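Engineer: Give the three-dimensional model of this entry:
(chains A and B)
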Amino acid sequence: MKLDFNLGNKQIIAAAMTLSLAAGLTPVIWGQYDSPGSVLAQPGGHKRLQRQSDSEGASEAQVSSGGTRSMDEDQKIAHLLNRVTFGARPGDVEKVKQQGIKNYIAAQLNPDSIAESPEVVSKVQNTDLLNLSSAKLIADFKQFQKEKKLQKANEQKDDGTGPGTGAQGAATADAGPGQFNGKGKMRKKFLADAQGGQQASVLGDSKKRMGQGVMEARLVRAIDSNRQLQEVMTDFWYNHFNICIDKGLDRVLVGAYEEQAIRPFALGKFRDLVGATCHHPAMLFYLDNWQNSKPGSMAGGGPKKKGKESGLNENYARELMELHTLGVDGGYTQKDVQELARVLTGLGLAPDRRQIAQGMQNAMAQNGGGRPWGNREAVVSNLPGKGMWGFFNEGRHDFGEKVVLGQRIAGTGEPEIEQCLDMLCKHPATAHHIAFQLAQYFVADEPPKALVDRLAAKFTQTDGDIKAVMTSLLDSPEFWDGKYNNDKYKSPFRYTVSVFRATDTEPQDYQPVIQFLRMQGQPLYGCLTPDGYKNTQSAWLNPDALINRINFATAIGTGKAKFMSNQPVDFSRSRDAVNAGMLSAHTESVISKAPPPLKLSLLIGSPEFMRY
Amino acid sequence: MNRRDFLKIACASSMVNFFGFHPGALAFGNGNDAGNGKKLIVILLRGGVDGLNVVAPYGDNRYSSLRPTIALSKSEAAPLLDLDGYWGMHPAMSPLMSAWQDKTLAFVHDCGSPDPTRSHFDAQDYMESGVPGKKSVTTGWINRLVGQLPSKHTPLQAISVGPVLPRICSGPTTIASVSRQISKTKSVMDRPYIAKAFDDLYGGLTDDLGRAFVEGVAAHTAINEVMDSPDVTGNDQMSMQGGGRHGGAGGADDAMSREQKIANAGAPTPKTYNKFGTQLANLFRKDPTVQVAFADFGGWDTHIRQGAGKGQLAQHLSPLAQGLGDLIAGLGPLYKDTTILVMSEFGRTAKENGNGGTDHGHGNVMWLLGGEIPGGKVYGKWGGLDTNGLHEDRDLPASTDFRTVISTVLGNHMNISKAGQNIIFPDFAYPGSPFV
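Structural biologist: As a prediction, this is how the structure comes out:
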């Protein structure tokens, strides 16, 4: 079922739900983005965890003849919670025992079957930037920038920047498309409606604070959501289709992007993820496709501005192949990149005259025939796609014939894009790419080849059904091999979230937490490279950062962290949650000898807790 | 003998300058006393700095015709700095003019990687791993270099500035990550009873995590000890000049394009870390065990509105050059035993593009500063700017391999043996000194 990008948000979600409830899961294959060898020692080099109490029998796992290690029930639960959640909370182990591992997995694979926590629901509802269309967000952002520029112009001294160079010029260029500056009465009016007005901007008055709400929402979801696997998958897919919050418009769009293009499809069909991200204004802006036009055609639908690019821009086409689908060794050539770029020409942020006219007409009809001037909402919400998705501008599209990966693409316009996305998603390299990435994320930094191959086959067999692939993964002997137990090193994000989950606490003030993540090298939504954050030990294990994690753990554990406001923590319940209570004998001993104020710090600062 | 005397002797013996006087001289030292107290500072400019506008062949009239709006010239408001009648330096580099005149600044032009990639990720990867073309190499050449230095590795022998250890420093040998404040940091590990508890927890581990813990504590302790000792760097005049004017982040940084920021791969722009010169110098002066330092900067991927003497490139070059000037001044007596290398993963197109900028190229110019550098000259097999001289008709060629330059420094300056160099740059046949 193809997603129609003229649908509004609700219809997209409904479509996504239908898709995700469809039978079968599909593995999503990601490209290999981490170098194969670990820079530091091989995984599994740490001490084997041993159960503290021997009451249930053998404390060491059995080593089977195949070199794998089987796990007992408690170890399995610990491992499962480690991998499909952001860390067990006190009580989670018992819940899984009660529900049974199979039922727990089945529920997590169907997030809509799980009632969401009220904290999450409330936070999401109250975070404006998650719930608005990109068109509105862009309009508000441009208004904000206009005001800031005026403010600055009044205050500015001459600092020696040359005319038309450097900061000012670049700021305008990167802030967004100039398409709203076109001629024509209708466009001007639309401009006025979209940009002006006395309506208060949801963005507030500080660029820096714009991202704050979205970052907090992400943390709240990771910490509190009952749909943990969905959050884990959202994290995975966001990194896969990474967008950096620091670039211009994306500052206000990343929340909407995650909400509209990532989370709804995180356990759905890979093709829908690719389609949604391709059409989302956040991505079109981030990877410059909004500038991607047939050479000579007008940039952004308006008259060609001096200095603005109005030709082919390959950036999105390249990353679509290299990062999103086929992978860097997927077998495409530079020519393929160029041809795909030609296919993508015209897909951008600006509605063209026809689309604006249609929007106006619809708004008028709604308005009982009255002109919708001044009613920004009415106009925007009546644009095709309700302003949520990008617009295909035929005037900027290259209608010539193309050849992509050996296939002839006739110049039919917008359908060409869908045709190419179909082709890319069906390509065997894509299946392998996604399988590898998933296996790395969920099993091991160097995932076993047999697993990757099997997941790739599942991906292909189910036409990119992520749930089907994840079902396979979570059922695989490789996933349940004891040698992978508590073997992956936590990324800063995962570590931080797991601290709050293990202690069953929440920050009262998120700013220091956000700052901590920045110091650890993983600012939220801040990965500068389009390939997103890695999830391997070699990427994150670093002496300086480790000491800082210990500082963080101690501040929280000893109640000295001001941003935590002295929430009581039941140490023994936390202890039983960490790896289902299984710590090494040594760690147990050190903790037991430590003075009470320090026990919790040692637990959440322990070597075991640095891993999952 | 004590450390100070040792250093004095080491300085005296290094007065003989191997560079330039022996055209065919082997770059390999005898390996005895590898490192021999010499300092190496490597600065990587991420994003592909436009070397052709850092050191510009204004004497070639094709230069201005290839770059109608962004060529440096003597006649514009911010004129280039003449170096030798043919080459000129970007005006923002003025803090380094005295080093040029003192002959401690040299350039190697048409210098780069044999691998043709124009992808930031790949090109940076290859320049950091030191094995261009091979993606499977997981260690960085600086790590391999540190591994060749005398085996008693002190915690701060090699430092990398920034929170996350970059590719170029990754590997089995300890390299301490140091924050950009290089200041005394507070840690719970300063409290003895907490330190003991965590030490108990981690101390016995023999894996990567255990090692990281030990190194982290050692580096933290060492930095604090260093910071506790009185400041040594003099020449406050220079450091105030460097730090003051540009202030913190904002302005040009906010305006940076997404692509530029990606190309920076997390590195700050020189403007946001403009105290680097003073800070690094301070660290070297206070702690003689510091031998190798790495820092990186972004902001160089100038596809749009690069500017000429003024503009985007200038805005980044200026604090960088100021910082390097501060570094030289701050190093004081250590400067004559220090080599500073500045490199970038590739250069940019010789011809400007339709947006007043330049696109990804190939060859670039490498900068060398230091007491033993045969300065005052632009080296390299300069091919000129006509189509025969350009790579694929568009870029500067990389007729000198970046490893050739580094190897020469490692051999002559740091006395690394041939065997050691083969480990640092495997699959590389040293073709001879570029300083001819």
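Engineer: From here on, just use CA atoms for contacts and neighbour counts.
Structural biologist: OK.
Engineer: and residue 361, what is it in contact with?
Structural biologist: All of this is about chain A. By CA atoms under 8 Å, 6 or more residues apart in numbering or on different chains, no residues touch residue A:361.
Engineer: meant chain B actually
Structural biologist: By CA under 8 Å, 6+ apart, the contact list for residue B:361 reads B:48, B:118, B:346-350, B:394-396.
Engineer: how far away is the nearest residue to it once chain neighbours are set aside from chain A?
Structural biologist: Nearest in space to residue B:361, with sequence neighbours left out and distances taken as CA to CA, 6 or more residues apart in numbering or on different chains, is residue B:348 at 3.8 Å. Applying CA to the nearest CA, to the nearest Å, the value for residue B:348 to chain A is 17 Å.
Engineer: Count residues in the vicinity of the residue lying closest to residue A:506 once chain neighbours are set aside, would you?
Structural biologist: Excluding the flanking residues, the one nearest residue A:506 by CA to CA, 6+ apart is residue A:500, at 5.9 Å. Here the number of neighbours of residue A:500 (other CA atoms under 10 Å in any protein chain shown) works out to 22.
Engineer: again with residue B:145
Structural biologist: 21.
Engineer: same check, this time on the one 5 residues further on
Structural biologist: A total of 15 residues lie near residue B:150 under the criterion other CA under 10 Å.
Engineer: what about it, which helix or strand?
Structural biologist: In this structure, residue B:150 sits in neither a helix nor a strand according to DSSP states H and E.
Engineer: low-confidence ranges in chain B?
Structural biologist: The model of chain B has pLDDT under 70 over residues B:1-33, B:135-136, B:151-152, B:182-184, B:230-262.
Engineer: all strands of it, in order?
Structural biologist: Listed in chain order, the strands of chain B (DSSP state E) span B:39-45, B:55-56, B:81-82, B:88-89, B:105-112, B:158-161, B:176-178, B:292-297, B:338-344, B:364-370, B:377-379, B:400-401.
Engineer: which one of the ones you listed lies closest to chain A?
Structural biologist: strand B:176-178 (5.9 Å; CA to the nearest CA).
Engineer: which residues touch the nearest residue to residue A:389 once chain neighbours are set aside?
Structural biologist: Excluding the flanking residues, the one nearest residue A:389 by CA to CA, 6+ apart is residue A:280, at 5.0 Å. Each residue near residue A:280 by CA under 8 Å, 6+ apart is listed here: A:257, A:261, A:388-390.
Engineer: pLDDT value on residue A:157, please?
Structural biologist: As summarised for this prediction, residue A:157 has a pLDDT of 46.
Engineer: Over to residue A:131?
Structural biologist: On the pLDDT scale, residue A:131 gets 88.
Engineer: And residue B:185, how far from chain A?
Structural biologist: For residue B:185, the distance to chain A equals 10 Å [CA to the nearest CA].
Engineer: How many residues are close by that residue?
Structural biologist: For residue B:185, the count of nearby residues is 13 (other CA under 10 Å).
Engineer: The nearest residue to residue A:547 once chain neighbours are set aside: what's it in contact with?
Structural biologist: Nearest residue to residue A:547 in three dimensions, chain neighbours excluded: residue B:216, at 6.0 Å (CA to CA, 6+ apart). Contact analysis of residue B:216 by CA under 8 Å, 6+ apart lists A:542-544, A:546-547, B:176.
Engineer: and the residues you listed, which of them are in helices?
Structural biologist: The helices, defined by DSSP state H, take in A:543-544, A:546-547 from the contacts of residue B:216.
Engineer: before we move on, back to that, what about burial for the contacts of residue B:216, which qualify?
Structural biologist: Buried by 16 or more other CA atoms under 10 Å in any protein chain shown: A:542-544, A:546-547, B:176, out of the contacts of residue B:216.
Engineer: Include distance to residue A:320 when you put those into a markdown table, please.
Structural biologist: Supplementary listing: the buried ones among the contacts of residue B:216 in a markdown table, determined by distance: CA to CA, whole Å:
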| residue | distance to residue A:320 |
| --- | --- |
| A:542 | 31 |
| A:543 | 35 |
| A:544 | 35 |
| A:546 | 35 |
| A:547 | 38 |
| B:176 | 37 |
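Engineer: show me where the stretch 451-600 of chain A has helices.
Structural biologist: A:466-475, A:492-503, A:511-519, A:537-540, A:543-557, A:571-577, A:585-593, A:596-604 (DSSP state H, counting those that start in this stretch).
Engineer: these two touch, right, residue B:161 and residue B:175?
Structural biologist: No: using CA atoms under 8 Å, residue B:161 is not in contact with residue B:175, being 10.1 Å away.
Engineer: which of these two has more neighbours?
Structural biologist: Neighbours were tallied for residue B:161 and for residue B:175 using other CA under 10 Å; the higher tally belongs to residue B:175 (30 against 21).
Engineer: what's the weakest-modelled helix or strand in chain A?
Structural biologist: helix A:166-175 (a mean of 33; mean pLDDT, DSSP states H and E).
Engineer: what does the stretch 501-612 of chain A put close to chain B?
Structural biologist: A:519-521, A:528-530, A:540-548, A:550-551, A:554, A:586-587, A:590, A:594, A:598, A:602, A:606-607 (CA under 8 Å from any CA of the partner chain).
Engineer: go with 6 Å
Structural biologist: Counting by CA under 6 Å from any CA of the partner chain, the positions of the stretch 501-612 of chain A adjacent to chain B are A:521, A:528-529, A:543-544, A:551.
Engineer: Which pair in these has the greatest spatial separation?
Structural biologist: A:529 and A:551 (28.4 Å; CA to CA).
Engineer: picking that back up, point out the least confident one among the ones in helices among the contacts of residue B:216.
Structural biologist: residue A:544 (80).
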